[in-house]
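S.K.: Output the structure for:
(2 chains)
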Amino acid sequence: MTSIAIIDYGMGNLRSVAKALEHVAPTARVCITQDRHDILHADRVVFPGQGSIRDCMRELARWDLIDVVRAAACSKPFLGLCLGPQALLDFSEENGGTPCLGVLPGRVVWFGELHDPDSAERLKVPHMGWNQVHQLGAHPLWSGIAQDSRFYFVHSYYLQPADPALAAGQTRYGFSFTSAIARDNLFAVQFHPEKSAAAGLRLLANFAGWNP
Amino acid sequence: MGLAKRIIPCLDVDRGRVVKGVRFVEIRDAGDPVEIARRYDQEGADEITFLDITASSDDRETMVHVVEQVASEVFIPLTVGGGIRSLDDVRRMLNAGADKVSINTAAIARPEFVRDAAERFGNQCIVVAIDAKAVHAGQETPRWEIFTHGGRRPTGIDAVEWARRMADYGAGEILLTSMDRDGTKRGFDLELTRAISEAVSIPVIASGGVGTLDHLADGILLGKADAVLAASIFHFAEYTIEQAKRHLQARGIEVRL
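M.R.: Down below sits the predicted model:
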């Protein structure tokens, strides 16, 4: 039996993440927690996030979780969701510029004024809805998920890892941006697998059984 | 390849039960929100919207339980509207498992509420619902006004300006209903939809008037909507969500199939 800690630092509802994990891994012990001990001792860690990056970084500091997140991200199966992967990079343009955790080299950049390169039509921001993720190579977390499957996205800033080798998935919205990053024991996605129907549930199931 | 246009079935819920008679053939309990939501998920709905039409605030707690149950079994985005008046209402729905809340009357009464809610919970979960009616005559420049109380009470607020203001205040999305078309099955008010969609940079969901699958496609192609919401054509099993998507695809619209 594996234990999965979902880090709760007050940024958004984590119930759906927990329910989806319980759904795909009925024997796993899933807990939503802000306790350092729980996170350090869990077999797997999920690092979610919603809202603005400034609040996210402030709350992580307030709950004294920064070093714990950094440690988990380098030591055990670790899944970042939505704002989670943004927080893992060095810096975000959001909120007038916000330093982040620096677990991975790179920046988080605003979509800004976007146009479709083919139709020249303006694209709405936030990027909201079901878009395709192009898997850049095989990875245990993509197992059983068809190439270019659709996942549910909601975001106005996107990941720009400094090292292209970190990109595990790519999505087109006016241009191609990195929608999933992977390194060793860490996998992080810009989209919401817990809201992405069958493909999302498969990714979560893969994570629950992943032994990097 | 790119972002799919969304189809969103909408369910009216009164004291925890789906009303306006959903008529699925193989469904055991036509009033059970969980069963109906699961069915729509299987058919490929991109999101589900629940509109709480419960009159008494005492019964509002029931909606929280509905959302909790649905969110435990259906893993696509859920929006809840109806009776969202305070930050506490928003928090309760999000904690229950809703991904977005839709704010209507409360935004008109106190526009700052939208700003507060977006700042507190993030733009991504704040939908502003706009009920608009045409107020121009004949050859006049088109103009639409916001109405409340099911389209009976005018507010004097210009719909396009209001949409811009709500986007500035941090709304993540607009749910636009034409009160002229709602329930008519004559199709969306395409002029209104396009005017609002082009006025704001956030996604717009078109609603009100869908009677055929071409209406859905027109809302996207001509109305420039990012998503389309419909109730009766899906509830009465006239069309499945999948049929609707295939139709959109045949008209050149990108969908999730």
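S.K.: bridging residues for the spatially most central residue of chain B?
M.R.: What sits nearest the mean C-alpha location of chain B, by CA atoms, centre = their mean, is residue B:175, with 4.9 Å. Listed beta-bridge partners, residue B:175: residue B:129, residue B:205 (assigned using DSSP bridges).
S.K.: Quick check, it in contact with residue B:132.
M.R.: No: with contacts counted by CB atoms under 8 Å, residue B:175 stays clear of residue B:132, the gap being 11.2 Å. Using the backbone N, CA and C atoms, a C-beta is placed for each residue, glycine as well.
S.K.: Residue numbers of the stretch 151-257 of chain B in contact with chain A?
M.R.: Contact residues (CB under 8 Å from any CB of the partner chain) of the stretch 151-257 of chain B with chain A: B:172-173, B:201-204, B:226-227, B:256.
S.K.: Pick out the most distant pair among those residues.
M.R.: The largest separation in these, counting by CB to CB, is between B:201 and B:256 at 22.9 Å.
S.K.: Give me the more crowded residue out of these two.
M.R.: Using other CB atoms under 10 Å in any protein chain shown as the criterion, residue B:201 and residue B:256 rank with residue B:256 on top: 23 against 17.
S.K.: in a strand, that's where the more buried one is, yeah?
M.R.: No: counting by DSSP: H, G, I helix; E, B strand; the rest coil, residue B:256 falls outside a strand, being coil.
S.K.: Confirm for me that it is in contact with residue B:248.
M.R.: No: assessed by CB under 8 Å, residue B:256 is found out of contact with residue B:248, at 10.3 Å.
S.K.: on that earlier part again, most neighbours among the residues of the stretch 151-257 of chain B next to chain A, which one?
M.R.: Ranking those using other CB under 10 Å puts residue B:173 first, with 28 neighbours.
S.K.: Spell out which residues sit in contact with the closest residue to residue A:126 other than its chain neighbours, please.
M.R.: What sits nearest to residue A:126 in space, not counting adjacent residues and going by CB to CB, 6 or more residues apart in numbering or on different chains, is residue A:156, at 4.6 Å. Listed by CB atoms under 8 Å, 6 or more residues apart in numbering or on different chains, the contact set of residue A:156 reads A:110-111, A:125-127, B:123.
S.K.: let's go with 7 Å and repeat that
M.R.: Neighbour list for residue A:156: A:110-111, A:125-126 [criterion: CB atoms under 7 Å, 6 or more residues apart in numbering or on different chains].
S.K.: where's it relative to residue B:203, distance?
M.R.: Noted for residue A:156: a distance of 12 Å to residue B:203, by CB to CB, to the nearest Å.
S.K.: go on, residue A:55?
M.R.: Counting by CB to CB, the gap from residue A:55 to residue B:203 is 23 Å.
S.K.: For the residue minimising distance to the centre of chain A, give me its contacts.
M.R.: The centroid of chain A falls nearest to residue A:81 when counting by CA atoms, centre = their mean (2.4 Å). Residue A:81 is in contact with A:17, A:46, A:48-49, A:189, A:192-193, counting by CB under 7 Å, 6+ apart.
S.K.: now for the biggest helix by length in chain A, which elements pack on it?
M.R.: For chain A, the helix with the greatest residue count under DSSP state H is helix A:197-208. The criterion is 3 or more CB pairs under 7 Å, 6 or more residues apart in numbering or on different chains; DSSP states H and E, and the helices and strands that helix A:197-208 contacts are helix A:15-24, strand A:150-155.
S.K.: quick one: that helix to strand A:150-155, angle?
M.R.: Orientation check (axes from the mean of the first three to the mean of the last three CA atoms, to 10 degrees): helix A:197-208 against strand A:150-155 gives 80 degrees.
S.K.: Show residues contacting helix A:197-208.
M.R.: A:2, A:4, A:20-21, A:23-25, A:28, A:44, A:77, A:79, A:140-141, A:143-145, A:149-151, A:187, A:192-194, B:41, B:75-76.
S.K.: Which members of those residues are classed as buried?
M.R.: A:2, A:4, A:20-21, A:23-25, A:28, A:44, A:77, A:79, A:141, A:145, A:149-151, A:187, A:192-194, B:41, B:75-76 (16 or more other CB atoms under 10 Å in any protein chain shown).
S.K.: so which helix or strand takes in residue B:234?
M.R.: Per DSSP states H and E: residue B:234 is located in helix B:232-235.
S.K.: err, residue A:179, not the other one
M.R.: Here residue A:179 is assigned to strand A:176-183, by DSSP H and E.
S.K.: by contact count, what packs against the next helix or strand after that strand?
M.R.: Next in sequence after strand A:176-183, counting helices and strands by DSSP H and E, comes strand A:186-189. Applying 3+ CB pairs under 7 Å, 6+ apart, one finds that strand A:186-189 makes contact with strand A:78-81, helix A:83-88, strand A:176-183.
S.K.: Would you mind checking the average pLDDT for the last one?
M.R.: Within the predicted structure, the mean pLDDT of strand A:176-183 is 98.
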